[in-house]
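Trainee: Test case, fold it:
(chains A, B, C, D and E, ligands or ions: 4)
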Amino acid sequence: MAATPAMAQTDIRFTLDWRFEGPAAGFLLAEDNGYFEEEGLNVTIDTGNGSVEAIPRVATGAYDMGFGDINSLIKFLDEDPSQPVEAVMMIYDKPVFSVVGRKSLGVTEDPASLEGKTLGAPPPDGAFAQWPAFVEAADIDTSDITIENIGFPVREPMLASGDVDAVFGFSFSVVLNLLANGVPEDDISTILFADNGLDLYGNAILVNETFAEENPDAVEGFLRALAKGFADAVADPEAGAQAVLTRNETLNLETETRRLEMANETNIRTPYVVENGFGDVDMARLSDSIEMLGTSMDLEGNVTAEEVFNPDYLPPAEERMLP
Amino acid sequence: MSTVTENNAVAATPPKPAFRINWIKLAPVLYTIGLFVLWELAVIISGLPHTVLPAPSRVFQAIVQYWSPIWKNSLQTFYTTTLGFLIAVVAGMAIGLLIGWSRAIYAGLYPIMVGFNAIPKVALVPILVIWFGIGTVPAVLTAFLISFFPIVVNVATGLATIEPETEDVLRALGAKKMDIMLKVGIPRSMPYFFGSLKVAITLAFVGSVISETVASNNGLGNMMASAQSQFNVPLVFAGLIMLAVEGIAMYALMAWLERRMTGWAHRSSMAA
Amino acid sequence: MSTVTENNAVAATPPKPAFRINWIKLAPVLYTIGLFVLWELAVIISGLPHTVLPAPSRVFQAIVQYWSPIWKNSLQTFYTTTLGFLIAVVAGMAIGLLIGWSRAIYAGLYPIMVGFNAIPKVALVPILVIWFGIGTVPAVLTAFLISFFPIVVNVATGLATIEPETEDVLRALGAKKMDIMLKVGIPRSMPYFFGSLKVAITLAFVGSVISETVASNNGLGNMMASAQSQFNVPLVFAGLIMLAVEGIAMYALMAWLERRMTGWAHRSSMAA
Amino acid sequence: MPGRLERGDAMALVSIENVDMRYGGPEGTLAVSGLDLSIARRDFTAVVGPSGCGKSTLMKLVTGLHIPQKGAVVVAGHEVTKPVSIVGMAFQNPTMLPWRTTLDNVLLPLEIVEKHRHRLRKHKDEYVAQAEALLETVGLKGFGSKYPWQLSGGMQQRANLCRALIHEPELLMLDEPFGALDAFTREELWCVIRDLHASRDVTIVLVTHDLRESVFLADRVVVMSARPGRVVAEHPVPFERPRDLEIMYRPEFNEMVQALHGEIANARELA
Amino acid sequence: MPGRLERGDAMALVSIENVDMRYGGPEGTLAVSGLDLSIARRDFTAVVGPSGCGKSTLMKLVTGLHIPQKGAVVVAGHEVTKPVSIVGMAFQNPTMLPWRTTLDNVLLPLEIVEKHRHRLRKHKDEYVAQAEALLETVGLKGFGSKYPWQLSGGMQQRANLCRALIHEPELLMLDEPFGALDAFTREELWCVIRDLHASRDVTIVLVTHDLRESVFLADRVVVMSARPGRVVAEHPVPFERPRDLEIMYRPEFNEMVQALHGEIANARELA
Ligand SMILES: Nc1ncnc2c1ncn2[C@@H]1O[C@H](COP(=O)(O)OP(=O)(O)OP(=O)(O)O)[C@@H](O)[C@H]1O
Ligand SMILES: Nc1ncnc2c1ncn2[C@@H]1O[C@H](COP(=O)(O)OP(=O)(O)OP(=O)(O)O)[C@@H](O)[C@H]1O
Ligand SMILES: [Mg+2]
Ligand SMILES: [Mg+2]
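Mentor: Numbers count the residues shown, from 1 in each chain, chains lettered A, B, ... in the order given. Ligands and ions are numbered 1, 2, ... in the order given. Next up is the predicted model:
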């Protein structure tokens, strides 16, 4: 930011989905390595309060761009299609939604093992929101499954203490938190929804449509810079974690590196991305997922894939390849 | 304690024509309607989506539509709040008297309580949940923990501001400290006490709701949290309005009690 | 307003041996130490994991380890809280006087405020964020919104419980209502006002912290939330302790002001 | 007897006409009933009567602190419907504001009354000097900086009197201003009030239990009946002014006091 | 003169020895200084002196509401270090508790004092009847159910007196109990107090500004100097008991009052 801008800079207010943690490294590296500046952008990155709340923040124009859950975006647009918000770049090709259980409590990697168990669910959790669709996709009998409403702060401790048998959550968060709560790694079993028939997308870059129409170049530049940032984060997770740590001194480098690596492996650098480049979506798959969401989210059927995702601002695929 | 039932209006004003509107009686209704109208207008003008700030008309739709769950959850929240509040009243009064009783207790306990109260109670809910499981108990306890402090402060202030002349009446009779507390301290601090109840009851609602949000399968807090995650923001606001209504109902009860119990103190003619 | 600086100790007690310990002075320290010892013991006995309730020793380790971020975030929180609190003091006093001024305003505004206060403020933060972005402004506003109500209630109660005999002194001079408010209403309700400040300041901390939790890149709220999501619970508690310390510091300031401003009301010899 | 005792509402500063005053709603205590009284400008009226007969009520009716349910109170030509601003009132119970020093309490009327409040800031020193002089007159020199609760009962009463005088009101209402004072202080203050009345254009109404006080000070003594109070007799005081304390040793004086004494004995029975 | 005026601390109920009392710390007001007084059991002592001289302070010293900085106050053989429980005190300002009705205010001492509090619940009716009788004696029949702020000044003072009497204390401290009363009510209450003293084993200390009152009621009149107060003279009252109101018309009576009058004139100068 110290460098004098060569051309007039465009300001972009950007909201993350969550706090400064490992998976945010891509954004922070794009900033720290000067990629935004090269594009003539002056980006302010603010923390978020969940991948759901990022959506109204962008829709109302409080933020120009943001990072939020595309499934919630579908629901949001289904409620009110006139809202000026759309996704322009897919980040989590495979969503992190999962149920994490403990083998010692009888939960294995097989979804059927959840039957008869008690599951802990924070109501605002993105994974829990997909539960009805997952039940259908994985063909689970829910008749004797008990769901307890437990908030985020007590989710992992209650699983660690055996009060519940499994919890809903983002795989990388829950696993790491369980480790921090003293659960041995080989006791943890993760049931990733995406691996069991629920083929959804995850978090994407959102943009306020009004802003995008007025500043198409800025949006394009932003995405280009971001692709470089995420490539850097994949190439050198430790540098990515370091970038996070400069913003939040209370973090632990090792944990954040680990978290970033897990996100990279499972959610970002999927086979599809390795092949087709980072950030694009398969419109057919997106349409299917809207279909699937119909069950879990009570959609009215007001939105199509095209209204949700707009690939026009994406840079060419070769600029979006991950190492 | 004795109650004042007499009408304190000292002087009758000349008789007014009978068809005059009683603005005082109407005021709550008028102000509330005014608020809703403003709100509706604000939403229309600002163009905020109903997933952020729904207009009151939409909120009322939601209330009608979801009446059954709203009603059940309201009852649950009302129940936990009232329970927590009652514990807070008893404990707050007791601690307030204790603090008014002894300077050593005051000096020691007060700072700790102040510190404790600067802490958001939501941070304690996880601990309560680990100890008591999810559901009613942590909600009641959170309501209690959040609402006892105003009572303590006001009772202690009431005791500290007793005129020594009034105390002397009892001291001259060789009264023990306990007697002075009972006969002068408590009645004299009643206006302060009732003032604090109005604050405490609203805080109690906040307490039980945040606890329900984090750890409960029912109650308005839980309902609003799930509605929020569904982008059913009108339902969230319906929950908020129910909370407000319950708060006002409890407040009216407190105000009624206050009038009965401390009529002797409310003789001022200022507000007119 | 005049201040009381004289020593009100009416009668000296017989001289005491000089080596006696001043328990009153020591009490805050002793109670605090006692609390920490109890807490440490409770953790050891209950065997709760430090991810739920860390022992104070661990919390202090965390304070030392993370001192630099703790310090920076504490300053930020202190700043937002103080700002929000100051606005609340001014607005609370003003609304309290307004409510004490007119029965129509009282009847109309009071229920709305009560209802508003039964709503958890955290539900409003997202709306504030939409309007003001994240960071300092919503934190200040939340601190304000959460803390003005106790001030309003107490100021209004103070006004309502003025003895008519005192008002008559001014009324007999043909004083306008405004004069009565200024010369009697405000000074007489000062003890109530200061009582409420102690509650309000602690609530203001709660307000700015919950806002920071939801919508800020810094401040203790943000720090604790991120520590919580890392299960760095000792750091969460370190933040809570910092909050408590700041709360106590502000409280001490309020208490000092109170003694200066309302010494005339604090003449009771009960607490001894 | 000077000519200023003529009745007639035209020239009366205060006129109370057939007034009923009931406290606490229709079922409450009827304090005064059928009260009729007229007070001319510059008149010095003393009101006596048994305890609880409505004397303080009368004072509060004249100042407009209470509005009667029946009848009318007219002060300076206007019917009283709210507190009037030309009076200085010394209440029966010294109601000093505890958060103000004695001096600040005495200065209070100056902060309120129109003709002084605008001058107060500029001429503060002058007014403070005046208040201190007044405090000295009543024997409270040096107590201005004390709080009212640091004064003895009699001292509070004297400060209370100062507060009624400071703004030089046209109409001075004194409700047992000397009740808590010893005979000497009392006599000194009698002279203060007497001189005040002589030197200034002021109308005074004094409630008292001390018949000698009433006869010494007043132009006219009004006797009230037991509750509900009304006026049962009015006695012009025939002694010429200026009056000296020595007057009290004159037999006519004691005769008048004795006569009043007897009359009150009757008034207590009447209702 | 009856034999009960002998001095000597051995038989004194109250003895005040060289007492200094200063309010508000070392720099505060010295209210009494070098005060010496001894009061025998069943004695009726009247205390007179200029306003602000420390009479109320003396009363509070004896009841133990204040503890002197110098000297000692001994009541019933024990040095006073905390409020004593054998007294009934009528404060100068009627400090009725505003949240209690007048009757409940009067009953208050019974809820505190050891010998009554345990009997109170069982014998409530009896005590209420007693309190109502007492209220009637002072002319407050029917006002028991009113709140104190619904009473006139004089009525409050009478209720205040009842509160001091109800529990039949051994030592009765009356601080200007009749200040706000008219002459007749006052005389009636004089007789009430006189008869009380005659019929019961009670020691009475009365502060008053009315010298006739002091001479009519007391066995001994104590004159205090101006502040800082101390005793400048003690006068045994030579009139035999029982005394009648007629005694006030006897020349010796008026002579004694005159003499006291002169003495107080001196006391005001002394310090
Ligand atoms: N605020 C009040 N509420 C109800 N009743 C009242 C109130 N003030 C006075 N009264 C009643 O009105 C009557 C007259 O009272 P007031 O104070 O005028 O008497 P007073 O002549 O001044 O008596 P005193 O000489 O004892 O002061 C009394 O019976 C009293 O009980
Ligand atoms: N609480 C107090 N604080 C400070 N000074 C006080 C206090 N009470 C009394 N004094 C002072 O002590 C002195 C004696 O007061 P005290 O009340 O004993 O007088 P008193 O003889 O009863 O007078 P009065 O006849 O006017 O009632 C006065 O100068 C007064 O200013
Ligand atoms: Mg009166
Ligand atoms: Mg006195």
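
Trainee: so who does the closest residue to ligand 2 within chain D touch?
Mentor: When scored by Cβ to the nearest ligand atom, chain D has residue D:154 as its residue closest to ligand 2, at 2.4 Å. Placement of C-beta: from N, CA and C, glycine included. Contact analysis of residue D:154 by Cβ atoms under 8 Å, 6 or more residues apart in numbering or on different chains lists D:180, D:181, D:182, D:185, E:51, E:52, E:209.

Trainee: Tell me where the stretch 51-200 of chain A has helices.
Mentor: All helices of the stretch 51-200 of chain A, identified by DSSP state H, counting those that start in this stretch, fall at A:54-59, A:70-79, A:126-129, A:131-138, A:152-160, A:171-180.

Trainee: ranking the ones you listed by burial, who's on top?
Mentor: Stretch with highest mean neighbour count among these: helix A:54-59 (a mean of 28; mean count of other Cβ atoms under 10 Å in any protein chain shown).

Trainee: Which parts of chain D are helices?
Mentor: Along chain D, counting by DSSP state H, helices occupy D:55-63, D:102-112, D:114-120, D:124-137, D:153-165, D:183-199, D:211-217, D:251-269.

Trainee: Compile these into TSV and extend it with columns for mean pLDDT.
Mentor: Output for the helices of chain D, formatted as TSV (pLDDT from 0 to 100):
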stretch	mean pLDDT
helix D:55-63	93
helix D:102-112	93
helix D:114-120	86
helix D:124-137	93
helix D:153-165	93
helix D:183-199	90
helix D:211-217	92
helix D:251-269	84
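
Trainee: Adding distance to residue A:179 as columns, could you present the ones you listed in TSV?
Mentor: Formatted as TSV, the helices of chain D follow (distance: least, Cβ to Cβ, whole Å):
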stretch	distance to residue A:179
helix D:55-63	80
helix D:102-112	69
helix D:114-120	75
helix D:124-137	74
helix D:153-165	75
helix D:183-199	88
helix D:211-217	94
helix D:251-269	94
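
Trainee: which one of the ones you listed lies closest to residue A:144?
Mentor: In terms of Cβ to Cβ, the element of these nearest to residue A:144 is helix D:102-112, at 78.1 Å.

Trainee: distance between that closest one and the chain's centre?
Mentor: 19 Å (Cα atoms, centre = their mean, to the nearest Å).

Trainee: at contact distance from ligand 2, anything in that helix?
Mentor: No: Helix D:102-112 is not in contact with ligand 2 by Cβ under 6 Å from any ligand atom; minimum separation 9.7 Å.

Trainee: which ones are touching the closest residue to the residue of chain D closest to ligand 2 other than its chain neighbours?
Mentor: Among residues not flanking residue D:154 along the chain, residue E:51 sits closest, at 3.1 Å (Cβ to Cβ, 6 or more residues apart in numbering or on different chains). The contact partners of residue E:51, taken as Cβ under 8 Å, 6+ apart, are D:139, D:152, D:153, D:154, D:155, D:158, D:180, D:181, D:182, D:185, E:209.

Trainee: surely residue B:207 meets residue B:84?
Mentor: Yes: proximity of residue B:207 to residue B:84 meets the contact threshold set by Cβ atoms under 8 Å, at 6.3 Å.

Trainee: These two: which is more packed in?
Mentor: Between residue B:207 and residue B:84, residue B:207 has the larger neighbour count (other Cβ atoms under 10 Å in any protein chain shown), namely 31 against 28.

Trainee: Helix, strand, or coil at the more buried one?
Mentor: Following DSSP: H, G, I helix; E, B strand; the rest coil, residue B:207 is assigned to helix.

Trainee: Got the confidence number for it?
Mentor: At residue B:207, the pLDDT value in this model is 93.

Trainee: Could you identify the most distant pair in the contacts of residue D:154?
Mentor: Farthest-apart pair in those is E:52 and E:209; separation 11.9 Å (Cβ to Cβ).
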